[in-house]
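Novice: Build me a structure from this.
(one chain, ligands or ions: 3)
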Amino acid sequence: MIAEVYVDIPARAVDKPFDYKVPDSLEQFIRPGMRVTVPFGRVKRLGFVTALKNHTDFTKLRNIDQVIDHIPVLTDELLDLGRWIADTTLCMTITAYQAMLPAVMKADYGKVIQLENTEKLKDVHPDLVPFYSSGDSIKWEDAVRSHPEKLNEINRALSDGTLSLHQQIHNQARVKKIITVTPAVSLETLEEAAKSLNRRYKRQREVLDFFIHHPAASHVLADLVNRYGLSREAISHFIKKGVLRKEKQEYFRDPYRELNQVRTQALTLTQEQHAALKPILHAIESDEDRVFLCHGVTGSGKTEIYLQAIQRVIDLGKEAIVLVPEISLTPQMVHRFKGRFGDLVAVMHSGLSRGEKYDEWRKIREGRVKVAVGARSAVFAPFSRLGLIIIDEEHESSYKQEDSPRYHARDVAIYRSRYNRCPVVLGSATPSLESYARAKKNVYSLLLLKERFNHHPLPPVKIVDMREEMRDGNRSMFSTALFNLIKDRIKKKEQTVLFLNRRGYSTFVMCRSCGEVLRCPHCDISLTYHRTEQLLKCHYCGYAQQIPQTCPACGSDSMRYFGTGTQKVEAELNRLIPEARIIRMDVDTTRQKGGHERLLRRFGEGKADILLGTQMIAKGLDFPEVTLVGVLAADSMLYLPDFRASERTFQLLTQVSGRAGRHDLPGSVIIQSYDPDHYAVVDAASHDYETFYQQEMQIRYRHGYPPFYYLVLIRITHTDPGQASVAAGRIAEILKRNLSSSAQIFGPVVPAIARIKDRYRYQCMVKYKKEPELLPVLRKIIGHFQEPGKNSLQLVVDINPVVFM
Ligand code: ADP
Ligand code: ZN
Ligand code: ZN
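Specialist: Numbers count the residues shown, from 1 in each chain. Ligands and ions are numbered 1, 2, ... in the order given. Down below sits the predicted model:
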């Protein structure tokens, strides 16, 4: 038997399967998707078996060293998916496989073999008894070094459960065990033992009595001692005498233990919800790999639709994945799923420890749960009977991974839905233009929810023109209207959310008198301020100009770079309204684990009047007492050098406005803007997605951006700026020569951040519609230019990029 193995060395030269001979003794254990150790060069490496076969073209094969897993960690589907990700995102196959697994399963060469069953060791594997004379775990390395001849015996003992194998990266990465105690003898024998026990041994008597009154049950040792007050010594005494038996059992860490699990029932759906759910259920039942786009205003009850669809999936004996953006994965959100499906839910997000993540992953792989809720990487949940994938807030840019593998969770979800013949539901109040355009072309099925579930209207939104405020002599960061409303809410004991968008600050230059922002004459993209050279530059085409002394539109001399932060706003509020109780939420105040939740809980309990924060408060918050939402600078993101700047602004303003007046108290929203006539601001204020979509699509069409064209971004970096520049120029040339005339190649240009960690950066961009040669050409470019070693030329090819800096 021959195994094809991908070795965990992320280098292009070894990005292919290597053939290894499977020793006879391993033939019956080994399966594709398992991790193995193999000799590679002069070292041992970890690898993934991707196929087994009987034939090879190579004559001198080395042996597989050991098999690490007892069930494949990568299912056939995931093996397939990994190859597809490598092909379509141009990453290395091993990188794709590693991305699908919890971090603790990554290559690590320290492992321990744990004794699970002492009786069996004596009976079935007497040869191994000496290994466990002084403890119940040994190091894998020690066993390999001192007794290589015993390895196959160890492997047999591993597969029949006598022993188990664990990574030894960190202790928490191991399967946790608890000790349980059970009677080892019959009830009669227990009673006899109790009778014949000398009266003086009161503590021993208690132990026997306990097991006589709780027959046939196994108890956690810690509980016996702590809860039932039994003596640890007395228990040990009976274990030694063979009256009681001690066992180790697997224990799953549960990060949500503390959540009080009040179970919820399915709600009676509104007509709109019902109409949206019906086709999803139909697709689930008839195994259709349809993609639904559920476009529902904030508060329309999309989550309830997800929950009821998942219920059907579970009833059919299948499994579901729910993706939620990392910042929305709050306890509130988790509770909505745990509340409905209890222990059938695994949750995966970055706040968990490595061990907790591993345990959640195992619950999925072993079929102990039916629902996986998590951020981007949960799309790889190793279910084997997948029946539904839901992507909430599908427009979020965090669904695209920014490191290799640069995959988009939406694409992976659609791939898996085809493989499993199951539907995908994309949900959003502000769908991405790409998805909405596909829905309009009937590639996706559109589901519409136009009303909030309680038929409350969306809150009225007032746009305040900050230029006028300034002309009227108000130089503070609060408009008169917003300031008065904040004071009013404090008087009424209602709550306010203030949103400050910090992204994009001080990268663009704007005139404070007329709102003019300097743009590239060729690209309709704002120019970015480069501090070192004192120049304004376009990141798409490379155009550059001096910073003008006076505004080219109105002639005033108040051209400014923007810069303000939450701390400054808080200080200003304290000065203006000293009695206001403020909770500030930003990267500084939420750095600690759980800080985010603590602050939100305090706000929810009414311990503050104002919640002031950045992006992280835009989503998912549902507080009944919030009746005012203020957006301090709506347009700070509008001029980022990114063709999606308007779309992001519209999405954010819509999300933020949705936080007001969700329940009984009516709410209002104030948006402060220097560009109050910008369609992204105006359309968000009137809750008009459709109009925004039409306007934005025209602009995308005119400038040849997605969804009309596809983009590829090629980043070239080198410690030497000259070499980076030369290579970038040559790459642009190669692209021009090899792609069709309908493809446009831009650059090379220097991006906003011209140097990171002493590496100089260049980038080229390709715009194209249909280019069958693109991937092969890019692959060749990578093969030719990418150099090994840290101080050399590095290439990043980003297909369908979402970040352009
Ligand atoms: P969305 O995700 O679309 O913004 P949610 O799913 O968060 O909306 O729903 C908002 C609120 O409405 C939640 O508190 C939810 O429990 C409630 N809700 C949704 N559907 C119903 C329904 N059919 N009956 C009663 N309450 C509902
Ligand atoms: Zn330009
Ligand atoms: Zn001006």
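
Novice: Quick check: buried residues in the one helix or strand L573 maps to?
Specialist: Applying DSSP states H and E as the criterion places L573 in helix 566-576. Under the neighbour-count criterion of 16 or more other C-beta atoms under 10 Å, helix 566-576 has T566, V569, E570, L573 buried. No exception for glycine: its C-beta is placed from N, CA and C like everyone else's.

Novice: can you redo those residues as JSON lines with pLDDT and distance to V656?
Specialist: Putting the buried residues of helix 566-576 into JSON lines (pLDDT from 0 to 100; distance: C-beta to C-beta, whole Å) gives the following:
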{"residue": "T566", "pLDDT": "70", "distance to V656": "15"}
{"residue": "V569", "pLDDT": "81", "distance to V656": "15"}
{"residue": "E570", "pLDDT": "84", "distance to V656": "18"}
{"residue": "L573", "pLDDT": "89", "distance to V656": "18"}
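
Novice: can you count the residues close to the nearest residue to G613 once chain neighbours are set aside?
Specialist: Closest residue to G613 in three dimensions, ignoring its sequence neighbours and counting by C-beta to C-beta, 6 or more residues apart in numbering: M585, at 3.5 Å. By the measure other C-beta atoms under 10 Å, the count of residues near M585 is 21.

Novice: contacting residues for whatever residue of the stretch 251-400 of the chain ends up closest to ligand 2?
Specialist: Nearest residue of the stretch 251-400 of the chain to ligand 2: S397, at 21.9 Å (C-beta to the ion). Counting by C-beta atoms under 8 Å, 6 or more residues apart in numbering, S397 touches R644, R648, V802, V803.

Novice: ok, which residues in the stretch 501-650 of the chain are in contact with ligand 3?
Specialist: C511, S513, C514, E516, C551, A553, C554, S556 (C-beta under 5 Å from the ion).

Novice: tell me the SS of V669?
Specialist: strand (DSSP: H, G, I helix; E, B strand; the rest coil).

Novice: Show me the beta-bridge partners of it.
Specialist: V461, V629 (DSSP bridges).

Novice: and the gap between it and ligand 2?
Specialist: Distance of V669 to ligand 2, given as C-beta to the ion, to the nearest Å: 34 Å.

Novice: Tell me the one among the contacts of S397 nearest to V322.
Specialist: Checking the contacts of S397 against V322 by C-beta to C-beta gives V802 as the nearest, at 21.6 Å.

Novice: And the contacts of the helix holding L573?
Specialist: 476-478, 483, 498, 500, 502, 580, 582, 584-586, 588, 610, 612-614, 632.

Novice: ok so, going back, any of the contacts of S397 buried? List them.
Specialist: Applying 16+ other C-beta under 10 Å to the contacts of S397 flags R644, R648, V802 as buried.

Novice: Against ligand 1, how distant is the residue of the stretch 251-400 of the chain closest to ligand 2?
Specialist: When distance is defined by C-beta to the nearest ligand atom, to the nearest Å, S397 is 19 Å away from ligand 1.

Novice: ok, and the closest non-adjacent residue to the closest residue to ligand 3 within the stretch 601-750 of the chain?
Specialist: Going by C-beta to the ion, ligand 3 is nearest to Y674 of the stretch 601-750 of the chain, at 10.4 Å. Nearest non-adjacent residue to Y674, counting by C-beta to C-beta, 6+ apart: G515, 4.2 Å away.

Novice: contacting residues for that neighbour?
Specialist: R467, Y674, D675.

Novice: Among the buried ones among the contacts of S397, which lie within helices?
Specialist: R648 (DSSP state H).

Novice: a markdown table for the buried ones among the contacts of S397, including distance to ligand 2 and pLDDT?
Specialist: Below are the buried ones among the contacts of S397 laid out as a markdown table (distance: C-beta to the ion, whole Å; pLDDT from 0 to 100):
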| residue | distance to ligand 2 | pLDDT |
| --- | --- | --- |
| R644 | 16 | 92 |
| R648 | 19 | 91 |
| V802 | 19 | 89 |
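
Novice: and ligand 1, which of the buried ones among the contacts of S397 reach it?
Specialist: Here nothing survives when the buried ones among the contacts of S397 are matched to ligand 1 using C-beta under 6 Å from any ligand atom.

Novice: rewinding a little: can you pull the phi/psi pair for the residue of the stretch 251-400 of the chain closest to ligand 2?
Specialist: Main-chain dihedrals, S397, degrees, to the nearest 10: phi -70, psi -20.

Novice: what do you get for K202?
Specialist: phi -60, psi -40.

Novice: contact partners of the longest helix along the chain?
Specialist: For the chain, the helix with the greatest residue count under DSSP H is helix 721-738. Residues from elsewhere that reach helix 721-738, judged by C-beta under 8 Å, 6+ apart: 714, 716-718, 743, 745, 747-748, 759-764, 766, 773, 777, 780-781, 785, 793, 795.

Novice: Identify the residues contacting I364.
Specialist: Neighbours of I364 in contact, by C-beta under 8 Å, 6+ apart: A346, A372, A381, P382, F383.

Novice: any chance of those residues in CSV, plus pLDDT, neighbour count and distance to ligand 3?
Specialist: Putting the contacts of I364 into CSV (pLDDT from 0 to 100; neighbours: other C-beta atoms under 10 Å; distance: C-beta to the ion, whole Å) gives the following:
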residue, pLDDT, neighbour count, distance to ligand 3
A346, 95, 27, 55
A372, 97, 27, 52
A381, 97, 28, 53
P382, 97, 23, 57
F383, 97, 24, 57
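
Novice: Filter those down to the ones in strands?
Specialist: A346, A372 (DSSP state E).

Novice: got JSON lines for the contacts of I364, with distance to A439 too?
Specialist: Putting the contacts of I364 into JSON lines (distance: C-beta to C-beta, whole Å) gives the following:
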{"residue": "A346", "distance to A439": "30"}
{"residue": "A372", "distance to A439": "26"}
{"residue": "A381", "distance to A439": "26"}
{"residue": "P382", "distance to A439": "30"}
{"residue": "F383", "distance to A439": "26"}
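
Novice: got the residue ranges for the helices in the stretch 351-500 of the chain?
Specialist: For the stretch 351-500 of the chain, helices defined by DSSP state H, counting those that start in this stretch occupy the ranges 354-365, 409-420, 433-440, 466-471, 480-492.

Novice: Contact residues of this structure facing ligand 3?
Specialist: C511, S513, C514, E516, C551, A553, C554, S556.

Novice: Is L713 in a helix, a strand, or coil?
Specialist: Once three-state DSSP is applied, L713 turns out strand.

Novice: re earlier: just put the buried residues of helix 566-576 in TSV and tack on distance to ligand 1.
Specialist: As requested, the buried residues of helix 566-576 are arranged in TSV below (distance: C-beta to the nearest ligand atom, whole Å):
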residue	distance to ligand 1
T566	25
V569	27
E570	28
L573	28
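
Novice: Taking those together, which two end up most distant?
Specialist: Greatest spatial distance among the buried residues of helix 566-576 (C-beta to C-beta): T566 and L573, at 10.3 Å.

Novice: Report the angle between the helix holding L573 and helix 480-492.
Specialist: 70 degrees (axes from the mean of the first three to the mean of the last three C-alpha atoms, to 10 degrees).

Novice: Sort out which of the contacts of helix 566-576 are buried, if you could.
Specialist: Neighbour-count burial (16+ other C-beta under 10 Å) applied to the contacts of helix 566-576 gives 477-478, 483, 498, 500, 502, 580, 582, 584-586, 610, 612-614, 632.

Novice: Quick one: end-to-end length of stretch 470-477, please.
Specialist: Start to finish, the residues bounding stretch 470-477 are 10 Å apart (C-alpha to C-alpha, to the nearest Å).

Novice: Quick check: residues of the stretch 251-400 of the chain near ligand 1?
Specialist: Residues of the stretch 251-400 of the chain lying near ligand 1 (C-beta under 6 Å from any ligand atom): 267-270, 273, 296, 298-304.

Novice: and the protein, which residues reach ligand 1?
Specialist: Checking the chain against ligand 1 by C-beta under 6 Å from any ligand atom, the hits are 267-270, 273, 296, 298-304, 453, 622.

Novice: just curious, which of the residues you listed is nearest to ligand 3?
Specialist: T298 (35.2 Å).

Novice: any idea how far R12 is from that closest one?
Specialist: Distance, T298 to R12, by C-beta to C-beta, to the nearest Å: 46 Å.
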